[in-house]
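Student: Show me the folded form of this:
(chains A and B)
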There are 2 protein chains.
Amino acid sequence: MVPEKTIERLSLYRRILLQVRAEGAAMIFSHQLAAMARVNAAQVRRDIMQLGCVGVPNGGYDAGDLLDSIDEFLYPPTFQKVALVGVGNLGRALLAHFAGRWRRLSVRAAFDKDPAKVGREFSGCPCHAVEALPRVVSELGISIGIIATPAAQAENVAELLCDAGVRGLLNFAPVRLPGPTHVYIENVDLTSALDKVAFFARQCEREALASGAGGTR
Amino acid sequence: MVPEKTIERLSLYRRILLQVRAEGAAMIFSHQLAAMARVNAAQVRRDIMQLGCVGVPNGGYDAGDLLDSIDEFLYPPTFQKVALVGVGNLGRALLAHFAGRWRRLSVRAAFDKDPAKVGREFSGCPCHAVEALPRVVSELGISIGIIATPAAQAENVAELLCDAGVRGLLNFAPVRLPGPTHVYIENVDLTSALDKVAFFARQCEREALASGAGGTR
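Tutor: As a prediction, this is how the structure comes out:
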């Protein structure tokens, strides 16, 4: 079992390497990648070793090779298809954000209960009625679901998606979903995230005042 | 120091209680709240004890009192103001998502470098030029920043926000920001989140096939 944090870091290295390569660099040292990802260099080397990738002694890693190794590790030889449910503000932003971002992963179907949205395309992704979800997900072989509905609909939508064969859920609704066996669930709670920042920002302000560092408010 | 996870759970309980109260219930048991939040009841009771809130023996908690206690704990007596930088698809979705969600916390200013967006309002929030950030943030007494810019601008924007007095950052750009002292940073990396779900969804699929449970693909 690969630790979740490793996957997060590899995903981050991948985007850093894409940028580095776009800027024309062919080689990269572990300490450079570490500085950009804000982790330590030993961690970067351990993560890269997991990929079975080796560096040139004193010359660092070939950025292109490293990128290929990460792609091979993170992405399957076959295509993975994603469905998004709930084409509100957040859903539309996610469709735009994710469109064209991966070579072997893409959002292929969106679902909403609003008839005004059904039949339209959002960032190139067709929107279907929620009633069509079981059929469309199963016909397209979709294996991942993104839930961007209000809280009240989330559990029902999760059940529909899992029944239709989805194996992973990225849930943005502010409810914890039950975890059926053999389905991976990642919750991203945006309201909690801002609540947390607000709480600790006040604590930082108090610490700053106490230490006499800045704090004119 | 209150653990981050406690804040996340309290934020979740708060939204559950709002819903419970809207549905007309006056009292709630720890095991009911626990079931809805998908944590165990002992955890709920520990969290509530932190608030200094006591239940009625065998009668559970008064939902309204509990809500007030959480509000008092999570939110300051004075207003906290938030700025959002980067009014693209994601930024606009966040503005719509966060608008009117809190009583004592609100996004008061947005910033973008696109002149076509400057001077307009998005979900009731005025958009300023990035050049005006130091002045506006300082004048309004904004203490929290949300970064929804592309990766390349994020570090610069974080520096501008912190220099202007911000004490907490919610960062959506796919880069790890340096953490200046007395500033709390929460990173939400949407691409990593979906990468992670995709990776573990494949693992779940393999496990399901191995165990003979479902898996027609």
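Student: Spatially, what comes nearest to residue A:149 if we skip its sequence neighbours?
Tutor: Leaving aside its sequence neighbours, residue A:149 sits nearest to residue A:86 (Cβ to Cβ, 6 or more residues apart in numbering or on different chains; 3.6 Å). C-beta coordinates here come from the backbone N, C-alpha and C atoms, glycine included.
Student: again with residue A:78
Tutor: Using Cβ to Cβ, 6+ apart and skipping the chain neighbours, the partner closest in space to residue A:78 is residue A:104 (7.5 Å).
Student: and the gap between that neighbour and residue B:193?
Tutor: 17 Å (Cβ to Cβ, to the nearest Å).
Student: who has more neighbours, the two?
Tutor: residue B:193 (19 against 14; other Cβ atoms under 10 Å in any protein chain shown).
Student: need the contact list for the nearest residue to residue A:89 once chain neighbours are set aside.
Tutor: In space, residue A:89 comes closest to residue B:96 once its chain neighbours are excluded; the distance is 4.0 Å by Cβ to Cβ, 6+ apart. With contact taken as Cβ atoms under 8 Å, 6 or more residues apart in numbering or on different chains, residue B:96 is in contact with A:89, A:90, B:122, B:123.
Student: For chain A, which residues score under the pLDDT cut-off?
Tutor: Counting by pLDDT under 70, chain A has low-confidence residues at A:1, A:54-58, A:213-217.
Student: Where do the helices of chain A begin and end?
Tutor: A:4-22, A:30-37, A:41-50, A:63-74, A:89-98, A:133-140, A:151-163, A:190-211 (DSSP state H).
Student: Name the strands paired with the longest strand anywhere in chain A and say parallel or antiparallel.
Tutor: When chain A is parsed with DSSP state E, its longest strand is strand A:105-112. Paired strands of strand A:105-112, with direction, are strand A:80-85 (parallel), strand A:125-129 (parallel) (DSSP bridges).
Student: Would you mind splitting chain A into its domains for me?
Tutor: Domain assignment for chain A, taken from automatic domain parsing, gives A:4-73, A:80-192.
Student: ranking the ones you listed by burial, who's on top?
Tutor: Mean neighbours per residue, mean count of other Cβ atoms under 10 Å in any protein chain shown, is largest over the domains of chain A for domain A:80-192, with a mean of 19.
Student: what's the offset of that one from the middle of its chain?
Tutor: 13 Å (Cα atoms, centre = their mean, to the nearest Å).
Student: Over to stretch A:60-67?
Tutor: In terms of Cα atoms, centre = their mean, the centre of stretch A:60-67 is set 23 Å apart from its chain centre.
Student: And the contacts of it?
Tutor: A:13-14, A:17-18, A:20-21, A:25-30, A:32-33, A:48, A:51, A:53, A:55-56.
Student: how far away is the residue of chain A positioned farthest from its centre from chain B?
Tutor: Relative to the mean C-alpha coordinate of chain A, counting by Cα atoms, centre = their mean, the farthest residue is residue A:212 (39.4 Å). Residue A:212 is 11 Å from chain B, where distance means Cβ to the nearest Cβ, to the nearest Å.
Student: that older thread, show me which pair in the contacts of residue B:96 is furthest apart.
Tutor: A:90 and B:122 (14.2 Å; Cβ to Cβ).
Student: What's the separation between residue A:128 and residue A:48?
Tutor: 41 Å.
Student: Ignore what I typed, I meant residue A:16.
Tutor: 13 Å.
Student: give the contact list for residue A:157.
Tutor: Contacts of residue A:157 (Cβ under 8 Å, 6+ apart): A:85, A:86, A:130, A:133, A:145, A:147, A:149.
Student: at 10 Å instead, please
Tutor: A:83, A:85-86, A:111, A:113, A:130, A:133, A:145, A:147-149, A:169, A:171, A:173, A:177 (Cβ atoms under 10 Å, 6 or more residues apart in numbering or on different chains).
Student: Please apply the same query to residue A:79.
Tutor: A:102, A:103, A:104, A:105, A:106, A:108, A:141, A:143.
Student: Could you double-check that the last one sits in contact with residue B:202?
Tutor: Yep, that's residue A:143 we're talking about. Yes - here residue A:143 reaches residue B:202: they are 7.7 Å apart, a contact under Cβ atoms under 10 Å.
Student: Overlap in contacts, those two.
Tutor: A:76, A:78, A:80, A:167, A:168.
Student: For chain B, state which of those residues is nearest.
Tutor: Closest approach between the shared contacts of residue A:143 and residue B:202 and chain B, by Cβ to the nearest Cβ: residue A:168, at 2.8 Å.
Student: Can you tell me the closest non-neighbouring residue to that closest one?
Tutor: Nearest residue to residue A:168, sequence neighbours excluded (Cβ to Cβ, 6+ apart): residue B:201, at 2.8 Å.
Student: repeat for residue A:51
Tutor: residue A:69 is the one closest to residue A:51 (Cβ to Cβ, 6+ apart), at 4.3 Å.
Student: residue contacts, that neighbour?
Tutor: Residue A:69 makes contact with A:10, A:14, A:48, A:50, A:51, A:52, A:53, A:54, A:61, A:62, according to Cβ under 10 Å, 6+ apart.
Student: how about the fourth one, what does it touch?
Tutor: Read that as residue A:50. A:2, A:3, A:6, A:10, A:69, A:73.
Student: In a markdown table: those, plus distance to residue A:188.
Tutor: A markdown table is the format used below for the contacts of residue A:50 (distance: Cβ to Cβ, whole Å):
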| residue | distance to residue A:188 |
| --- | --- |
| A:2 | 20 |
| A:3 | 19 |
| A:6 | 19 |
| A:10 | 19 |
| A:69 | 27 |
| A:73 | 23 |
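Student: Now the two most distant members of the residues you listed.
Tutor: A:3 and A:69 (17.8 Å).
Student: Fine, thanks again, bye for now.
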